[in-house]
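A.B. asks: using only what follows, build the 3D model:
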Amino acid sequence: MNHRVESVRTTLVELPLERPIGTAIHSIRSVGCVLVEVRSSDGVLGQSYVFAINASRLGSFDEMIRGLAPFVKGSDFHDTEATWHQMWQEINASGHKGVTVSAMSALDVACWDLVGRTAQMPLHKLWGACRSDVPTYASSGLWLSDPIDSLTQQAADFVAQGFTAMKVRIGSDRAKDDVERVRAVREVIGAEIGLLADANQRFTPKEAIRRGRLLEEFELEWFEEPVPAYDLAGHARVRDALDVPIASGETEYTRYGMQSMIQAGAADVLMPDLQRIGGFSEFRKASATAASNNLPVSSHIFTEQSLCLAGSLHNCVSVEHMDWFSPLFQEPMVLADGRLQVPDRPGHGFTFAEDLAERFPVA
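C.D. replies: Below you'll find the predicted structure:
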């Protein structure tokens, strides 16, 4: 059997959302994706993707992936650690954050998928499994742009679908509006359903502390990104002032970004994003760093491809259920009793659907 990578192929698509949505810092109508396929000399495919909101600067991601592809082509796809560090050294002049790391992530995930598919093993089993299902929370709704009557209907729908936790976005200009929105959702879902709040970096530390105290009565599971992501000292101030756990980390890059958050005491729950963290290889290192500091992780977006990680990382306490990317895949996610099943299919367990470029062309 030949374990060499024969080719790397990228395809650009744009997935429209059912309706435009808004957070405190985003206005989103679609997600553009660069689909990556790594083919072995034996004809086996490994797959991954990265995305850009509204397909903005999607070509930059594509260009960087193709620029780093020579480090993968011709290599033994089992040599993920060597390939990752070769790319890491190469991007030194371009920077160890941003598009460069996202491109590395896409290639790393595709190679690991190829490893699993070639071995005919699910990746969580190959890495050493710890579970076959994982807690999740509904995150494909309850947007800041939604009026309260829409929030309550969506919340009821999530409960009917079997979710046992969900996330509401806050960040209104007036504090009382955030309170009313969170109260409305809590009244619909009751006390037994977990409720998380995401401020999307909207507040100053003082305002985040004030809002957090106003929201205490609603028993939030966590308060996510209360201040700008780069303000680690501000995160720590909010964390010290409030009893509710602080979750953050989706905009940090690699284990080194997570280590900076840990050293600053910035969060109770770290949220690695597969695209920014550096792929499967680096996600696992970042999670180990968190575990050595007695901190849990919860994956950000990339639900399908994060399930294999959650199935093998004991301190991964949940994955974010986001349905934006479901049209990319042939296989659906399976939710049962508020938990997502970790697929037992080879690799990360999900395969791109056919004719995606024709069905979802970039506008």
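A.B. asks: CA only for contacts and neighbour counts going forward, please
C.D. replies: Will do.
A.B. asks: now do the same for Ile277: its pLDDT.
C.D. replies: If you check Ile277, the pLDDT there is 98.
A.B. asks: what is the neighbour count of the closest residue in space to it that isn't next to it in sequence?
C.D. replies: In space, and not counting its chain neighbours, Ile277 is closest to Thr254: 4.3 Å by C-alpha to C-alpha, 6 or more residues apart in numbering. Counted with other C-alpha atoms under 10 Å, the neighbours of Thr254 add up to 25.
A.B. asks: go on, Pro245?
C.D. replies: Every residue meeting other C-alpha under 10 Å relative to Pro245 is counted, giving 17.
A.B. asks: confirm for me that it is in contact with Gly265.
C.D. replies: No. Using C-alpha atoms under 8 Å, Pro245 makes no contact with Gly265, being 11.9 Å away.
A.B. asks: would you check how far apart the residue nearest to Ile277 and Leu58 are?
C.D. replies: Distance, Thr254 to Leu58, using C-alpha to C-alpha, to the nearest Å: 21 Å.
A.B. asks: hmm, back to that, pLDDT wise, what is the residue nearest to Ile277 at?
C.D. replies: 98.
A.B. asks: I'd say it and Gln275 touch.
C.D. replies: No. Assessed by C-alpha under 8 Å, Thr254 is found out of contact with Gln275, at 9.7 Å.
A.B. asks: any idea how far the longest helix along the chain is from the chain center?
C.D. replies: Longest helix in the chain, counting residues (DSSP state H): helix 99-119. Offset of helix 99-119 from its chain centre (C-alpha atoms, centre = their mean, to the nearest Å): 15 Å.
A.B. asks: now it: buried residues?
C.D. replies: By neighbour count with 16 or more other C-alpha atoms under 10 Å, helix 99-119 contains the buried residues 99-118.
A.B. asks: cool, stretch 171-180 as well?
C.D. replies: For stretch 171-180, a neighbour-count test (16+ other C-alpha under 10 Å) marks Gly171, Ser172, Ala175, Asp178, Val179 as buried.
A.B. asks: which of these lies closest to Ala310?
C.D. replies: Gly171 (29.5 Å; C-alpha to C-alpha).
A.B. asks: for this structure, longest strand please?
C.D. replies: strand 5-22 (DSSP state E).
A.B. asks: just the helices in the stretch 251-363 of the chain please.
C.D. replies: With helices called from DSSP state H, counting those that start in this stretch, the stretch 251-363 of the chain shows them at 254-264, 274-277, 279-292, 303-310, 356-359.
A.B. asks: got the contact list for the longest one?
C.D. replies: What it means is helix 279-292. For helix 279-292, the surrounding residues in contact (C-alpha atoms under 8 Å, 6 or more residues apart in numbering) are 80-81, 84, 102, 104-109, 112, 254-256, 258-259, 262, 270, 272, 274, 277, 296-297, 309, 313, 315-316.
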